[in-house]
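**Student:** give me a model of this one.
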Amino acid sequence: MRVLYRAGFTLIEMIVVISIITMLIGGSALGYGRYQKNARDTRRRSDLEQIRAALELFRSNQVNSNYPRLATWTSNTATGPNAGIGSYINGIPQNPSGAAYSYAAVPAGCTNVGASLCTSYTVTTDLELVAGVNDCTVTPLIPAPQC
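**Tutor:** Predicted coordinates:
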C-alpha cells in the first residue's frame, strides 16, 4: 500500500488564511485612526491647560487682577492695557489641526483701561472625537480636563 503526502496547502486553506489576515489588518487600521484622534484631543486639552495657567499667572501679576484683552492676548508686553500672556508662556501652543485656539475676553469689548476691565475669559477649540463646534471651553472656573 502506498501513502501519498501532500506537498502544499489547498486553495481553500490559503483563502481562509488570507481572509483572516485581511480582517486583522482592517480592524487594526480602524482602531489606529481613533487612537490618533484621541491623541490629538489630549494634546488640545493639554494646550488649553497651559494657556489657562499662563492666563492665571498674568492675572496674578496685574494691579487690577484683570485678564488680557482680545486684541493683545498673545503679545509679549507684561503690563499696561496692551499686555498679553506671551511673557508667561513659551509660545502660544498651536492646535494640531492648524487652527488657532479661540480666546474671548469677558465682558466683550473690555479694554483694561479705567473701569472697563476684562474680568474673565473663554478659550475654546474643537475636539475630533466629540461632535459639535467649540466642544472644549476653558474658563477660570472650568479647567481643560473637564472638556
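**Student:** go ahead and confirm residue 118 touches residue 68.
**Tutor:** Yes: here residue 118 reaches residue 68: they are 6.7 Å apart, a contact under C-beta atoms under 8 Å. Yep, even glycine has a C-beta here, placed from its N, CA and C like the rest.
**Student:** please enumerate the shared neighbours of those two.
**Tutor:** 105, 112 (C-beta atoms under 8 Å, 6 or more residues apart in numbering).
**Student:** what's next to stretch 112-119, contact-wise?
**Tutor:** Taking C-beta under 8 Å, 6+ apart as the rule, stretch 112-119 contacts 64, 66, 67, 68, 69, 81, 83, 105, 106, 107, 109, 110.
**Student:** and those residues, which of them are in strands?
**Tutor:** Cross-referencing the contacts of stretch 112-119 against strands under DSSP state E gives 105, 106.
**Student:** among the contacts of stretch 112-119, which ones are buried?
**Tutor:** With burial judged by 16 or more other C-beta atoms under 10 Å, the buried subset of those is 66, 67, 68, 69, 81, 83, 105, 110.
**Student:** run through the residues that contact the most centrally placed residue in the chain.
**Tutor:** Nearest to the geometric centre of the chain sits residue 44, at 1.2 Å (C-alpha atoms, centre = their mean). By C-beta under 8 Å, 6+ apart, the contact set of residue 44 is 95, 96, 125, 127, 136.
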